[in-house]
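S.K.: this one's structure only:
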């Protein structure tokens, strides 16, 4: 069956992009108790102290009385003197936001092994091509950060994460693909003021503006990395027989699935040839035997059907045959179950 792999590849790439207004990388909203808006130090001062000099930001823990939303300004006045940055909310709202951000960022780190906590320097206030009245704020420069909190009496400490500082990749794609704008390359060693000026020259739109504000929130663009990977390796993908088979071209890969109708009497499952470490039913045994024979395949099944056990047995069989195995998964939980 002939398959137009190029068309399929374009569809795959499109599905990986989220250019909807639900994406905070294109439509970020400050919400008290959920994310943070830092108002002091100023935009450029914070870049110099936090990014260039790597000075951490400390937010002291406040008591329930001081943290109250009602009458909280008195508590806010007491704590601001000790903080190394000022936010536009009450101490209680700021504390809830820091807890929420830390908890959710830690969950992403544990499940997917990625950092999603960023401090955004600057926002592009933009509207759609047709001159729509609704405006959206898209983060510009994303600085990866961490939130440390040693114990219930310790302050929250905001510091730099080891990941790279990046220009919002989703916004960059949208501006180049939809509006044909070629943005200047961003290097975090460069002067921020100069770079913002270059951006303003490129974004020559009377309705658009750059807001020199700083926010801390959760942003993840893992699927955009997958999109870039498909784009950069398009030629290799189009020439891959295995990818053609996955796309539905049955003639791309020349192999025959063995006949497993008599597994019970098959010599393949004799104790001398079997090195499985967990139980397996007949359908799982078929997958294990296909793997042992070097056949490429996709194993599909709803939760609870034993996919992890089958993978475990495949790894055990391969190790017993002197092979090395690379096992990858999107979530850490899947790796831990097999491990």
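M.R.: Perfect, I can see it now. Just so you know, these numbers come straight off a predicted model, no measurement behind them.
S.K.: roughly how far is stretch 13-32 from the heart of the chain?
M.R.: 12 Å (Cα atoms, centre = their mean, to the nearest Å).
S.K.: Give me the mean pLDDT for that stretch.
M.R.: Across stretch 13-32, the average pLDDT comes to 90.
S.K.: Compute the first-to-last residue distance for that stretch.
M.R.: Terminal residues of stretch 13-32 are spaced 35 Å apart (Cα to Cα, to the nearest Å).
S.K.: Can you identify each of the helices in the chain by residue range?
M.R.: For the chain, the helices defined by DSSP state H occupy 5-16, 43-46, 64-67, 72-80, 91-112, 169-178, 192-202, 222-232, 234-238, 241-246, 282-292, 307-320, 332-338.
S.K.: looking at these, which is closest to residue 30?
M.R.: Residue 30 lies closest, by Cβ to Cβ, to one member of the helices of the chain: helix 91-112, at 9.9 Å. C-beta here means a position set from N, CA and C on the backbone, and glycine is covered the same way.
S.K.: Measure how far that closest one is from the centre of its chain, please.
M.R.: Helix 91-112 has its C-alpha centroid displaced from the chain centroid by 15 Å (Cα atoms, centre = their mean).
S.K.: And stretch 175-193, by the same measure?
M.R.: Mean-position distance between stretch 175-193 and its chain equals 21 Å (Cα atoms, centre = their mean).
S.K.: what pLDDT does residue 321 get?
M.R.: As predicted, residue 321 sits at a pLDDT of 92.
S.K.: for it, what are its contacts?
M.R.: Applying Cβ atoms under 8 Å, 6 or more residues apart in numbering to residue 321 gives the contacts 275, 292.
S.K.: Show me where the stretch 201-339 of the chain dips below the pLDDT cut-off.
M.R.: In the predicted model of the stretch 201-339 of the chain, residues 264-265 satisfy pLDDT under 70.
S.K.: how far out from the middle of the chain is the strand ranked longest in the chain?
M.R.: Longest strand of the chain, by residue count under DSSP state E: strand 136-148. With Cα atoms, centre = their mean as the basis, strand 136-148 stands 13 Å off its chain's centre.
S.K.: same check, this time on stretch 11-26
M.R.: Chain-centre distance of stretch 11-26: 13 Å, with Cα atoms, centre = their mean.
S.K.: What residues of it count as buried?
M.R.: Neighbour-count burial for stretch 11-26, counted by 16 or more other Cβ atoms under 10 Å, picks out 12-13, 16-17, 23-26.
S.K.: Just the terminal-to-terminal distance for that stretch.
M.R.: End-to-end distance for stretch 11-26, by Cα to Cα: 22 Å.
S.K.: buried stuff in the longest strand of the chain?
M.R.: Buried residues in strand 136-148, counted by 16+ other Cβ under 10 Å: 136-147.
S.K.: Stretch 143-162 now?
M.R.: Neighbour-count burial for stretch 143-162 flags 143-147, 155-158, 160-161 (criterion: 16+ other Cβ under 10 Å).
S.K.: Include distance to residue 201 and pLDDT when you put those residues into TSV, please.
M.R.: Putting the buried residues of stretch 143-162 into TSV (distance: Cβ to Cβ, whole Å; pLDDT from 0 to 100) gives the following:
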residue	distance to residue 201	pLDDT
143	23	96
144	27	95
145	29	97
146	34	97
147	35	96
155	41	91
156	38	94
157	37	95
158	32	96
160	29	96
161	31	95
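S.K.: which one among the residues you listed gets closest to residue 60?
M.R.: Of the buried residues of stretch 143-162, the one sitting nearest to residue 60 (Cβ to Cβ) turns out to be residue 155, at 4.5 Å.
S.K.: Can you name the residues that contact that closest one?
M.R.: Contacts for residue 155 (Cβ under 8 Å, 6+ apart) come out as 58-61, 149.
S.K.: change it to 6 Å
M.R.: 58-61 (Cβ atoms under 6 Å, 6 or more residues apart in numbering).
S.K.: Quick one: the helices of the chain as TSV, columns for distance to residue 118 too.
M.R.: Formatted as TSV, these follow (distance: least, Cβ to Cβ, whole Å):
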stretch	distance to residue 118
helix 5-16	20
helix 43-46	14
helix 64-67	25
helix 72-80	24
helix 91-112	9
helix 169-178	12
helix 192-202	16
helix 222-232	13
helix 234-238	29
helix 241-246	33
helix 282-292	40
helix 307-320	33
helix 332-338	20
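S.K.: So for residue 212, which of those helices sits nearest?
M.R.: Nearest of those (Cβ to Cβ): helix 43-46, 4.1 Å.
S.K.: who touches that closest one?
M.R.: For helix 43-46, contacts defined as Cβ under 6 Å, 6+ apart pick out 193, 212, 214.
S.K.: contacting residues for the second one?
M.R.: This points to residue 212. Residue 212 touches 43, 122, counting by Cβ under 6 Å, 6+ apart.
S.K.: From here on, call the first residue 888.
M.R.: In the new numbering, first residue 888, that becomes residue 1099.
S.K.: Residue 1027 versus that one, what's the distance?
M.R.: Going from residue 1099 to residue 1027 by Cβ to Cβ, to the nearest Å gives 10 Å.
S.K.: Identify the contacts common to those two.
M.R.: In contact with both residue 1099 and residue 1027: residue 1009, using Cβ under 6 Å, 6+ apart.
S.K.: follow-up on the earlier one: any idea which of the contacts of residue 1042 has the most stuff around it?
M.R.: Taking other Cβ atoms under 10 Å as the neighbour criterion, residue 946 ranks highest of the contacts of residue 1042 with 25 neighbours.
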